[in-house]
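S.K.: Could you look at this predicted model? Sequence included:
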2 protein chains.
Amino acid sequence: MTLSVEDTRMIYQDGPQKKARIGTFDFETGARLKNVEIAFETWGTLNEAGTNAVLIVHALTGDTHVTASPENPAPGWWEQLVGPGKPIDTNHWFVVAPNILGGCYGSTGPASLDEYGLPYGSRFPFVTIRDSVRAEAAMADLLGIKSFKAVIGGSLGGARALEWAATYPDRVEGAAVIASNAYTTAEQIAFSQAQINAIQLDPLYNDGDYYAGAAPTGGLGIARRIAHITYRSEGELGGRFGRKHQEAENPLGWPQRRQGRYQIESYLDYQAAKLVDRFDANSYVSITESLMTHDVGRDRGGLANALAQVKAKMFICAVTSDRLFFPEQSEELANLLPEVEGQPVPVHMIDSPIGHDGFLTQIEQVADAMVETLGLQAE
Amino acid sequence: MTLSVEDTRMIYQDGPQKKARIGTFDFETGARLKNVEIAFETWGTLNEAGTNAVLIVHALTGDTHVTASPENPAPGWWEQLVGPGKPIDTNHWFVVAPNILGGCYGSTGPASLDEYGLPYGSRFPFVTIRDSVRAEAAMADLLGIKSFKAVIGGSLGGARALEWAATYPDRVEGAAVIASNAYTTAEQIAFSQAQINAIQLDPLYNDGDYYAGAAPTGGLGIARRIAHITYRSEGELGGRFGRKHQEAENPLGWPQRRQGRYQIESYLDYQAAKLVDRFDANSYVSITESLMTHDVGRDRGGLANALAQVKAKMFICAVTSDRLFFPEQSEELANLLPEVEGQPVPVHMIDSPIGHDGFLTQIEQVADAMVETLGLQAE
């Protein structure tokens, strides 16, 4: 088969990112797109044997910027974990961080242009977690990476890391599944549905075809508010904000309709405003839908069978106060993995009162254990 | 001062409900409405001394129909607790159940007509929990009830019951605060905000003035989905639905965009559809905003001071798996109430895996203890 010009496979630099043009991509549910690209950043240098690569996969609204680099010196989202002299030492390891298929940080997504120069919008196909992993494997092929020393992710990234280990047992030597689980639960699907519905309710959403006009920031902002509540513990919100109101915004300070805001409302308004400035609503829907598909046991003879066949060294970690990905879900996952030297796979704990987001803010607590489990010492 | 014709205070029958026309009402934040009415149902007979009245106050989307009656034989929402021969025996007690001010089950609310025959809509004032309690006290005045043997409520109703005890120490002999707390927490405010925002985002909402057109069922449905998740425990949702999909609706069964539904999505769609059929969106906003104002310590020298001055016998109860009103919040409330015979007020537990809604479905677990604590035996 001859590749068409459009389907040339290649890697090229695009600002601080690189792009892997992986060509035509067949989605799990049957859709097909040409010219699919996976954007990524890298740190360090791939050795000649191609044996020092580490893949880091981001969470729902994450991007490729895991840590600072000469091309982009801004701090990344796991700055304390990755970099020269850091626990995952980029003087030794070649770290690759792709943007998920369907995302809005450089990879092909709903805002990308089709071959006629029009944004896909409502025509962008449904992306499963497994699609995202296959697309990243095609990126790895172009990079000449036959096997990753480790695939590491938290939250949605943890789901991606686990799918990597299950889909490509011979290409993943170790995997870290942090604040995540073996399958998306009913509650996670439920919170996802409410978020997607809110975006779709926004009259500016226009069924996903809004790129010629204003973005549906109202709906995306509500989705973010819901999500952010689930990323933080009840105690964290109570301790920080309680029922204090904004200085000049006492909700009881106006007759007739309610005006004013409690501090927690102002905080969530701020979180929503920050996200809608940086994120595409269709990508938010796409990635949320991907998360809903997460089920490592699907078409693999069930959960226990799928996990029993994992070959990679596994590092499992939860956040003590996480109420979106409960520690019990990490336990369930760990207990179904093959034992290591006669011992069950342990669940490492990030001891944090803030909830799920502890996997981002306090990853340093488990960095040494992760490095040791996955053999990521800078030799 | 002479009351205008419109402000005549009276009680009249209106189908299975009664209405207390309480006249002009001054809201806490300064608004004023004429012709305010509080709808209610009653069971049993008020004795001549007026000493056998029990007030039962509903939760967020509750109504006046606590239990079956000759006028309305349909089962009520606390059917197992209230009725002839039930723990709260209406052969002995005169039970009164009002609809909250701002509601849509008979009391004056946003859908009510003003003196020109137009629905209030966006002009309906902000109702605080304390407003709702004062309006109910005006209803009690018209009924000739000087003091209630008990005021009983769960969730928002628990907040109302506690406010009754704090506002009218000489009119409340006992109060049951079930699956509730002393003040709305940051997290509860946060979930409330997301729900209100979803309703307001619905283009049919029209800032609250939608009564001439279609109702904003999309926004209200999202609010209900969010709320319903918080009413149920993670384990309840996981155990009932897991990640099963609807029989003929495998979300992975369509190419291109995601279609199909997981069972949990279908379940929440159903819960949303049921609510939008029976509830007014403006009332949902109004009552949710009332809940956000709940703070028994406000303008009473703080929480500890307000609770130390409660004179009523207090029955405090939580649901073991509640993750909206956590049992710890009932503990905090109980610990600040005056001791009874040298002992702290206990927190009774409804042992249920389903979450917050256990206060409705499994109230019989604590009925005897409630009756005993509040002296509600049928003597």
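M.R.: Now that the structure is in, tell me what you want to look at. Numbers count the residues shown, from 1 in each chain, chains lettered A, B, ... in the order given.

S.K.: Chain B contacts on the stretch 1-150 of chain A?
M.R.: Within the stretch 1-150 of chain A, the positions adjacent to chain B are A:Phe27, A:Glu28, A:Thr29, A:Gly30, A:Ala31, A:Ser122, A:Arg123, A:Phe124, A:Pro125, A:Phe126, A:Thr128 by Cβ under 8 Å from any Cβ of the partner chain. Just so you know, the C-beta spots here come from the backbone N, C-alpha and C atoms, and that holds for glycine as well.

S.K.: excluding its backbone neighbours, what's nearest A:Phe27?
M.R.: The shortest distance from A:Phe27 to any non-neighbouring residue, by Cβ to Cβ, 6 or more residues apart in numbering or on different chains, is to A:Pro125 (4.8 Å).

S.K.: Check what pLDDT the one you found gets.
M.R.: We note a pLDDT of 97 for A:Pro125 in this prediction.

S.K.: residues in contact with A:Arg134?
M.R.: Listed by Cβ atoms under 8 Å, 6 or more residues apart in numbering or on different chains, the contact partners of A:Arg134 are A:Phe25, A:Thr167.

S.K.: quick one, phi psi at it?
M.R.: The phi/psi pair for A:Arg134 (degrees, to the nearest 10) reads phi -60, psi -40.

S.K.: So for it, what's the pLDDT?
M.R.: For A:Arg134, the model assigns a pLDDT of 98.

S.K.: same deal with A:Ser4?
M.R.: 48.

S.K.: What number of residues are in the vicinity of A:Asp141?
M.R.: 14 (other Cβ atoms under 10 Å in any protein chain shown).

S.K.: no, scratch that, I was asking about A:Ala49
M.R.: The local packing of A:Ala49 (other Cβ under 10 Å) involves 7 other residues.

S.K.: Verify the stated contact: the residue nearest to A:Phe27 with B:Trp254.
M.R.: No - using Cβ atoms under 8 Å, A:Pro125 is not in contact with B:Trp254; the gap is 9.8 Å.

S.K.: These two: which is more packed in?
M.R.: A:Pro125 (25 against 16).

S.K.: Let me see the ranges of the strands in chain A.
M.R.: Remark: strands assigned in chain A by DSSP state E are A:10-14, A:17-26, A:32-43, A:53-57, A:82-83, A:88-89, A:94-98, A:150-154, A:174-178, A:313-319, A:347-350.

S.K.: would you list those in CSV and tack on mean pLDDT and mean neighbour count?
M.R.: Putting the strands of chain A into CSV (pLDDT from 0 to 100; neighbours: other Cβ atoms under 10 Å in any protein chain shown) gives the following:
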stretch, mean pLDDT, mean neighbour count
strand A:10-14, 95, 11
strand A:17-26, 97, 20
strand A:32-43, 97, 21
strand A:53-57, 98, 27
strand A:82-83, 98, 24
strand A:88-89, 98, 22
strand A:94-98, 98, 26
strand A:150-154, 98, 30
strand A:174-178, 98, 28
strand A:313-319, 98, 26
strand A:347-350, 98, 20
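
S.K.: circling back to that earlier point, quick check: ChimeraX command selecting the buried ones in the residues of the stretch 1-150 of chain A next to chain B.
M.R.: Of the residues of the stretch 1-150 of chain A next to chain B, the buried ones go into a single ChimeraX selection, burial set by 16 or more other Cβ atoms under 10 Å in any protein chain shown:
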select /A:27,28,29,31,124,125,126,128
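
S.K.: for A:Leu81, what are its contacts?
M.R.: Counting by Cβ under 8 Å, 6+ apart, A:Leu81 has contacts A:Val66, A:Thr67, A:Pro87, A:Ile88, A:Ile363, A:Glu364, A:Ala367.

S.K.: neighbours of the residue lying closest to it once chain neighbours are set aside, just the number please.
M.R.: Counting by Cβ to Cβ, 6+ apart, A:Leu81 lies nearest to A:Ile363, which is 5.1 Å off, once chain neighbours are set aside. Using other Cβ under 10 Å, A:Ile363 is surrounded by 25 other residues.
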